[in-house]
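Trainee: structure for the following, please:
(chains A and B)
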Amino acid sequence: MNDSSTDLYAQLKLSANATPEEIRHAYRQLARQYHPDAQTAPGTTLLFRQIQDAYDLLSDPVRRAAYDRQQAEAGLSPDALFHWNMQLSRSILPKLDDEQIVYVLLDIAAGQTNMSIERLPLNLCLVLDRSTSMQGARLDQTKAAAQRMIDGLIGEDTLGIVTFSDRAEVVWPSQAMTDPIRTKAKVSAIQASGGTEILQGLNTGLAELEKHRRERSINHLILLTDGQTYGDEEQCINTAIDAKKRRIGISALGIGEDWNDTLLDAIATRSGGVSQYIASTNEIQHFLRERLQDLGATYSENLLLTIKATEGTLLQSAFTLLPYIQRIELEKDTLVLGALELNKPITALLEFVIGPHIVGTHRVAQLELSGDIPAQNRLGERLRQDLSFTISADSDLNTVVPPNILSSLAKITIFRMQEGAWQALDKGDIVGATNRLETMATRLLDLGEHDLARAALLEAGRLSRNGNTSAAGRKTIKYGTRSLAMPLVKEIIL
Amino acid sequence: MIECPSCGAKHRPGTLFCSECGVYLLTGGPLRTEPLPESELPATRADPWQSGLEPSPSGDLAAEITLAIVAPSGRQLALPTDGEAVLGRLDATRGVFPNIDLTPEGGLEGGVSRRHARIHKQRAQFFIEDLGSANGTFLNGQRLTPYLPHPLHDGDEVQLGRVKVQLSLTKSTKQQASE
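Mentor: Okay, the predicted model is just below:
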């Protein structure tokens, strides 16, 4: 039996529009090549059987049509709303009494690549920290970046600007950009003073966004801060969860070293936005411009992956690799993936624990991808794929792990090691944290990441000498390892 | 359960990387270099003062010198034309592509590191340098100090971990200098 995740056409090295004649021809050729009489390499018998099965199905017009329909439902046909591709570390497992691990690499991209997708109006609110610590270059660059953003808005886009310190003020009520000069003048007049009360800023910003929130708009709050908020962290996270329900995403940009990365990351992931570490004030403009571009390229929002596993199968952990490495929070059996942009696929790696099974093919989980495509008024679009394995009695399986799973996992492992180092440190285990940072540096060197390796060694040294780490080093390592999977190191234009 | 070769942490079968120390676990494909027992390797160390630049024997800088490396299997290992090569073990997932891959010569079991040693030519002299390998580089049975280049001579035996290769140097000058 074949499940929906196997591409039978690919098995016969064919495309989906192959003629019956081509199918027959491909089968004959492969059958000759992989016939058990001609091949003795392990695994050949199974491969031969798969080719045989694929041919049996595709050569039958009725079963072929049913298969094609099933592929379309799974989002595997070219005109699907999402394209998603599943790759397993192993699809044939030995029969064991033990639990085994299988990794699944999932690529999710905008579908309908042959159609042009309309850019939806952006409904944005900038929520800017104007506490005393922002005084000087930080606030100047933030103001300059906000002014550049005003120039980047088009058509029906709306923008509101809120500042906060001990309390929040609306600097510019949310509206379409009819008078950019006056808006910019208002931004110029922002002065720094007072503390950092993030919750006040968030609430005021969300109220501004509410004024122009429509079905067909991308609603987003962009928070810029350089400090810690005290006592309202939990409420901030709840506010973010609440915002997501109203289709408002929150992106959180932290400037310098002193902000609370755990809080900003949580606000961003819970609302389907992104978080970002801005080490130097020169980068503020760059990141804000990039955020505006990405929001303009939003294809789908509220992307969720639901995993229904059978008894004896467990999703142990899940990470995104792209847009950046992050642990995905599990809400019951649902993974929150956030927004999907055109030309920016999401890649995730799932780690499954598979319990003992008898020999044969088993469907162990169903993966359901759902998301809204606001530009087409399509909400809650769903695609399904099954996750299946073959358990073989042959204990000497010569399986080769796909190289992209290995390289993805190598990077996620490093990300997890730094997570582990901070966890150890929080528990007061300085030796454990130091060791983790040091071994992590070795792995980083293996990958040729010399700067990050140096940062890890520096913090390891600081830890063993003084028993603490620097806030800057910690953020460099966290946000540096997070970006390991990015295809290119982005040049920051100063 | 499978055991991490590096830190001993236990993992379920199918796990690919150790969550404790980040090494690639032994599940097929490119593998990590195992430390060999000390008793299996020569104990003497090369004199570090022997390293570094050595005046070219006959001073014939014009001499064209070529190095041939013969593997235990009798296979001749080709050196790049500029005379510089990293010897080691190919590991595509880690992006390590040595010029001379010793995997087919039993490199993994023989304890060859991914980036094990480097051979380079300076004037008319070849040098070998250990790149901080796990099991060491030995020149005529003596362990080299890592990162110190040692001159190579005709007939030298170089051992990487447990894998031995034979070197032969050929000089061709205008007057067919004596070897």
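Trainee: tell me the contacts of the nearest residue to A:Thr204 once chain neighbours are set aside?
Mentor: Spatially, and ignoring its direct neighbours in sequence, A:Thr204 is nearest to A:Ala168 (3.9 Å; Cβ to Cβ, 6 or more residues apart in numbering or on different chains). Every residue, glycine included, has its C-beta placed from N, CA and C. Contact partners of A:Ala168, counting by Cβ atoms under 8 Å, 6 or more residues apart in numbering or on different chains, are A:127, A:162, A:197, A:200-201, A:203-205.
Trainee: check what contacts stretch B:102-109 and list those residues.
Mentor: For stretch B:102-109, with Cβ under 8 Å, 6+ apart as the criterion, the contacting residues are B:31, B:33, B:71-73, B:75, B:87-90, B:101, B:110, B:112, B:116, B:160-163, B:165.
Trainee: re the thing from before, hey, what's the residue nearest to A:Thr204 bridged with?
Mentor: With beta bridges defined as DSSP bridges, A:Ala168 has these partners: A:Phe164.
Trainee: geometric centre of chain B: which residue is closest?
Mentor: Of all residues in chain B, the one closest to the mean position by Cα atoms, centre = their mean is B:Ala117, 3.7 Å from it.
Trainee: sec struct for that residue, please.
Mentor: The three-state assignment at B:Ala117 reads strand, by DSSP: H, G, I helix; E, B strand; the rest coil.
Trainee: does it really touch B:Gly132, like I thought?
Mentor: No - using Cβ atoms under 8 Å, B:Ala117 and B:Gly132 do not qualify as a contacting pair, with a distance of 9.8 Å.
Trainee: leaving aside the residues adjacent along the chain, what's closest to A:Thr361?
Mentor: For A:Thr361, the spatially nearest residue (Cβ to Cβ, 6+ apart) is A:Thr390, at 4.7 Å.
Trainee: partners of the longest strand anywhere in chain B in the sheet?
Mentor: Scanning chain B for the longest strand, with DSSP state E as the assignment, gives strand B:163-172. If you go by DSSP bridges, strand B:163-172 pairs up with strand B:64-70 (antiparallel), strand B:157-160 (antiparallel).
Trainee: and those strands: which comes nearest A:Leu350?
Mentor: The closest of the strands paired with strand B:163-172 to A:Leu350 is strand B:157-160. By Cβ to Cβ, the value is 39.7 Å.
Trainee: what segments of chain B are strands?
Mentor: Counting by DSSP E, chain B forms strands over residues B:2-3, B:10-11, B:64-70, B:76-77, B:85-88, B:100-101, B:115-122, B:125-130, B:137-139, B:142-143, B:150-151, B:157-160, B:163-172, given from the N-terminal end onward.
Trainee: give me the mean pLDDT for the longest one.
Mentor: When pLDDT is averaged along strand B:163-172, the result is 84.
Trainee: now the angle from it to strand B:115-122?
Mentor: Put simply, strand B:163-172 runs at 10 degrees to strand B:115-122, going by axes from the mean of the first three to the mean of the last three Cα atoms, to 10 degrees.
Trainee: name the residues of strand B:163-172 that come out as buried.
Mentor: Of the residues in strand B:163-172, those with enough neighbours to count as buried (16 or more other Cβ atoms under 10 Å in any protein chain shown) are B:163-165, B:167, B:169, B:171.
Trainee: find the nearest non-adjacent residue to the residue of the stretch 1-150 of chain A found nearest chain B, please.
Mentor: Chain B sits closest to A:Ile101 of the stretch 1-150 of chain A, with a gap of 3.8 Å, by Cβ to the nearest Cβ. Nearest in space to A:Ile101, with sequence neighbours left out and distances taken as Cβ to Cβ, 6+ apart, is B:Gly14 at 3.8 Å.
Trainee: how close does the residue in chain B that chain A sits nearest to sit to A:Gln385?
Mentor: Among the residues of chain B, B:Gly14 lies closest to chain A, at 3.8 Å counting by Cβ to the nearest Cβ. To A:Gln385, B:Gly14 is 21 Å away according to Cβ to Cβ, to the nearest Å.
Trainee: repeat that for A:Asp242.
Mentor: To A:Gln385, A:Asp242 is 31 Å away according to Cβ to Cβ.
Trainee: who's more crowded, the two?
Mentor: For the pair A:Asp242 and A:Gln385, the greater number of neighbours falls to A:Gln385 (22 against 14), based on other Cβ atoms under 10 Å in any protein chain shown.
Trainee: so the more buried one sits in a helix?
Mentor: No - secondary structure of A:Gln385 (three-state DSSP): strand, not part of a helix.
Trainee: tell me the buried residues in stretch A:65-84?
Mentor: Of the residues in stretch A:65-84, those buried under the neighbour-count criterion (16+ other Cβ under 10 Å) are A:67-68, A:71, A:74-76, A:80-84.
Trainee: for A:Val104, which residues are in contact?
Mentor: A:Val104 neighbours (Cβ under 8 Å, 6+ apart): A:86-89, A:349-350, A:352, A:387.
Trainee: and if we set it to 6 Å?
Mentor: A:Val104 makes contact with A:86, A:88, A:350 under the criterion Cβ atoms under 6 Å, 6 or more residues apart in numbering or on different chains.
Trainee: beta partners for the closest residue to it other than its chain neighbours?
Mentor: Distances taken as Cβ to Cβ, 6+ apart place A:Leu350 nearest to A:Val104, at 4.4 Å, with adjacent residues excluded. Following DSSP bridges, A:Leu350 is listed with bridge partners A:Val104, A:Ala318.
Trainee: now do the one 10 residues further on
Mentor: Using DSSP bridges, the bridge partners assigned to A:Gly360 are A:Ile391.
Trainee: shaky segments in the stretch 201-350 of chain A?
Mentor: Of all residues in the stretch 201-350 of chain A, none has pLDDT under 70.
Trainee: which residue ranges form the helices in chain A?
Mentor: A:8-11, A:20-34, A:44-58, A:61-73, A:137-152, A:180-188, A:198-211, A:233-245, A:261-271, A:284-296, A:403-426, A:430-446, A:450-466, A:471-482 (DSSP state H).
Trainee: would TSV of the ones you listed with distance to A:Leu224 be doable?
Mentor: Rendered in TSV, the data for these read as follows (distance: least, Cβ to Cβ, whole Å):
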stretch	distance to A:Leu224
helix A:8-11	47
helix A:20-34	57
helix A:44-58	54
helix A:61-73	43
helix A:137-152	6
helix A:180-188	12
helix A:198-211	10
helix A:233-245	15
helix A:261-271	10
helix A:284-296	7
helix A:403-426	24
helix A:430-446	30
helix A:450-466	24
helix A:471-482	16
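Trainee: those: which one's closest to A:Pro94?
Mentor: The minimum distance between A:Pro94 and those falls on helix A:44-58, with 12.5 Å, by Cβ to Cβ.
Trainee: what does the longest strand of chain B contact?
Mentor: B:63-71, B:102, B:105, B:110, B:112, B:152, B:154, B:156-158, B:177, B:179.
Trainee: which ones are touching the most centrally placed residue in chain A?
Mentor: In chain A, the residue lying closest to the centroid (Cα atoms, centre = their mean) is A:Thr320, at 4.1 Å. By Cβ under 6 Å, 6+ apart, the contact list for A:Thr320 reads A:326, A:328, A:348.
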